[in-house]
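Chemist: Sharing a sequence plus its predicted fold:
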Amino acid sequence: FYLGGEFFGVDFVPSDADYDDGISHEGNVYLGWGHEFSDTLWLDLSYTRIFYPGSEPDYNSDFNEFEVVLGFAEHYSLTANYSDDTINLGHSAWYWRVGGEWELGGSGVMLGAGAGIYDLGAQLGGSYRDHELFLARDFGRLGLKLAFTDTSGYDDDLADALGERHLAGQRVALIAGFRF
């Protein structure tokens, strides 16, 4: 079993917008269970509460996610993620992902890739896809990840339901994490 949390700085509003959602941080609190059946097969089940402290009442986007990850063949994983009230908009959604990670020689540097589809249903404008390529390395309890992400299929219907189109563009991110 495990329990944890993450906290991020976020900004969903374009700099030239005439409104403010009050959101500048995202928090994730999670609880899960993982089990290795063998060296090449594992399962992870988790619940995550995503929240946005300080959000204005009209922009309360707090929601829950339930996730199942199946790892297989040492390097690959399949993910199914369900939200009963996606971004607090009153409708459920599914996220499906396939990914892989491979160590580059004996360096401890991991090369990873993944692709997913976020099926938001007709009520929220359909679906869109995401793609990721990353390098990651752990240094004891400190983990670093350099990732390139992109999306496709994020159209005007999705932008009307979820937010500005600029949120779905290409990104390069450096992510640091510390495990206790």
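Modeler: Now that the structure is in, tell me what you want to look at.

Chemist: In this structure S24 contacts G54, no?
Modeler: Yes. Counting by C-beta atoms under 8 Å, S24 does reach G54; the two are 6.5 Å apart. (Each C-beta comes from the backbone N, C-alpha and C, glycine too.)

Chemist: ok, these two, which is more surrounded?
Modeler: S24 (16 against 10; other C-beta atoms under 10 Å).

Chemist: what's the spacing between that one and A17?
Modeler: Separation of S24 from A17 (C-beta to C-beta, to the nearest Å): 14 Å.

Chemist: Next: E26.
Modeler: Using C-beta to C-beta, E26 is found at 18 Å from A17.

Chemist: neighbour count winner among these two?
Modeler: Neighbour totals were compared for E26 and A17, and E26 leads with 18 against 10 (other C-beta under 10 Å).

Chemist: beta partners for the more buried one?
Modeler: Beta-bridge partners recorded for E26 (DSSP bridges): F8.

Chemist: And for the one 4 residues further on?
Modeler: With DSSP bridges as the criterion, Y30 is bridged to G4, T48.

Chemist: How many residues are close by it?
Modeler: For Y30, the neighbour count with other C-beta under 10 Å is 16.

Chemist: do the same with the one 3 residues further on
Modeler: Each residue near W33 was counted by other C-beta under 10 Å, and the total is 11.

Chemist: next one: S83
Modeler: By the criterion of other C-beta under 10 Å, S83 has 22 neighbours.

Chemist: Kindly state the pLDDT recorded for it?
Modeler: Confidence at S83, expressed as pLDDT, is 92.

Chemist: how far out from the middle of the chain is the lowest-mean-pLDDT helix or strand in the chain?
Modeler: Least confident helix or strand of the chain, by mean pLDDT, DSSP states H and E, is helix 156-162 with a mean of 71. With C-alpha atoms, centre = their mean, to the nearest Å as the basis, helix 156-162 stands 19 Å off its chain's centre.
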